[in-house]
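Chemist: Build me a model:
(one chain, ligands or ions: 1)
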Amino acid sequence: MNKIKENIQKIQSQINRACHNTSHVSSHVSSHVSSQIPAQENKVSSNTNQNRVTLLAVSKTKPVSAIEQAYLVGQRDFGENYLQEAIEKITALSHLPDICWHFIGPIQSNKTKQIAQHFHWVHSVDRAKIAHRLNEHLNDSTQQHNCQDTPLNICLQVNISEEPSKSGIMVDEVFSLAEVVDNCDKLMLRGLMAIPEKNAGVASYEKMQHLFKKLQAQYPTVDTLSMGMSNDLEIAIAYGSTMVRIGTAIFGERS
Ligand SMILES: *Cc1c(COP(=O)(O)O)cnc(C)c1O
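Modeler: Residues are numbered from 1 along each chain as shown. Okay, here's the model as predicted:
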């Protein structure tokens with residue numbers, strides 16, 4: 001029996017149910033099925049609620065074989081936190097052309113070159129310096145990039161529950177950092193990422209939804225609210241998440 005396949009199917013139906021329950025909330029029709037392709041070009045954009053939310057499989061600490069199993073059942077978006085580990089897996093799986101890699105961990109500025117080289121998305125941009133460095137590496141024509149001519153998709157990480165130990169910008173910094181990213185020619189501002197505090201209630205989710213809508217109103221490229229993990233995907237979707245980042249519920253506990 002293939003546990004990963006079973007888990008992915010279970011989560012997909014959980015997502016579909018959550019989308020259905022909140023379909024009255026999602027007045028905007030969005031298309032997030034293939035996150036690598038900008039929304040305008042997405043061929044499946046007529047699928048409204050069913051595929052409103054992209055499942056990002058968080059494969060950190062898990063082996064290449066687990067990623068391959070998920071790939072075989074149609075999973076294409078994978079999230080990684082630790083750069084060296086990620087690069088090994090990305091290299092091992094480079095024969096899979098349509099796999100899409102998302103960097104979701106904290107970023108040290110001396111790692112931006114390798115992140116720009118290997119990833120299609122970065123969810124954890126939290127300062128202008130990081131945005132500028134990613135953009136410079138992508139403009140350096142002597143460098144080889146995974147994603148050739150396509151821009152690097154960027155989400156700004158927001159520390160929505162204002163936890164001192166957590167990375168991310170404060171709410172009042174979102175629009176100035178958004179402008180920085182929007183002005184970088186090789187970066188595409190796609191949206192916001194957050195990890196609401198456990199037991200914080202709905203307030204953090206509600207604030208993220210509000211902020212996301214405001215950002216969307218200002219920037220037409222913004223279509224992604226990366227929010228929700230194994231334990232809070234339903235509430236995240238209820239508050240407008242378009243991408244859930246699921247590790248444990250797909251691959252099992254991490255040791
Ligand atoms: C590890 C991680 C996840 C996945 O968490 P699970 O609880 O295992 O689903 C999601 N997002 C980020 C930023 C992570 O670091």
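
Chemist: use CA for all of it now, contacts and neighbours both
Modeler: OK.

Chemist: OK, contacts around L189?
Modeler: Residues in contact with L189, defined by Cα atoms under 8 Å, 6 or more residues apart in numbering, are 153-155, 178, 181-182, 221-222.

Chemist: same check, this time on T150
Modeler: Contacts of T150 by Cα under 8 Å, 6+ apart are K186.

Chemist: Kindly confirm my reading that it forms part of a strand.
Modeler: No: using DSSP: H, G, I helix; E, B strand; the rest coil, the assignment for T150 is coil, not a strand.

Chemist: Could I get the pLDDT score of it?
Modeler: pLDDT recorded at T150 is 81.

Chemist: just the helices in the chain please.
Modeler: 3-21, 64-72, 83-92, 112-118, 128-139, 174-182, 203-218, 233-238, 248-251 (DSSP state H).

Chemist: Now I195: closest residue in space that isn't a chain neighbour?
Modeler: Nearest non-adjacent residue to I195, counting by Cα to Cα, 6 or more residues apart in numbering: M227, 6.5 Å away.

Chemist: The stretch 51-200 of the chain against the ligand: which residues are in contact?
Modeler: 58, 104-105 (Cα under 6 Å from any ligand atom).

Chemist: re earlier: could you save the contacts of L189 as a markdown table and add columns showing pLDDT and neighbour count?
Modeler: Output for those, formatted as a markdown table (pLDDT from 0 to 100; neighbours: other Cα atoms under 10 Å):
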| residue | pLDDT | neighbour count |
| --- | --- | --- |
| N153 | 98 | 23 |
| I154 | 98 | 27 |
| C155 | 98 | 26 |
| A178 | 98 | 23 |
| V181 | 98 | 27 |
| D182 | 98 | 18 |
| T221 | 97 | 18 |
| V222 | 98 | 21 |
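
Chemist: Which of those residues sits closest to the ligand?
Modeler: C155 (11.8 Å; Cα to the nearest ligand atom).

Chemist: bridging residues for that closest one?
Modeler: G191 (DSSP bridges).

Chemist: how many neighbours does the residue nearest to I195 have?
Modeler: Using other Cα atoms under 10 Å, the number of residues around M227 comes to 25.

Chemist: tell me the contacts of it?
Modeler: Contacts of M227 (Cα under 8 Å, 6+ apart): 193-196, 233, 236-237, 241-245.

Chemist: Let's see that with 7 Å instead.
Modeler: Counting by Cα atoms under 7 Å, 6 or more residues apart in numbering, M227 makes contact with 193-195, 236, 241, 243-244.

Chemist: Kindly report the same for R127.
Modeler: L177.

Chemist: again, 10 Å this time
Modeler: Contact partners of R127, counting by Cα atoms under 10 Å, 6 or more residues apart in numbering, are 107, 109, 156-157, 168-169, 173-174, 176-178, 180-181.

Chemist: for A178, same thing?
Modeler: For A178, counting by Cα under 10 Å, 6+ apart, the contacting residues are 127-128, 131, 154-156, 189-192, 215, 218-219.

Chemist: swap in S65?
Modeler: 71, 89, 93.

Chemist: Save the residues you listed as CSV, and put in distance to E136 and neighbour count too.
Modeler: Shown next, in CSV, are the contacts of S65 (distance: Cα to Cα, whole Å; neighbours: other Cα atoms under 10 Å):
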residue, distance to E136, neighbour count
Y71, 32, 18
K89, 25, 19
L93, 26, 15
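
Chemist: CSV for those, including pLDDT?
Modeler: Formatted as CSV, these follow (pLDDT from 0 to 100):
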residue, pLDDT
Y71, 98
K89, 98
L93, 98
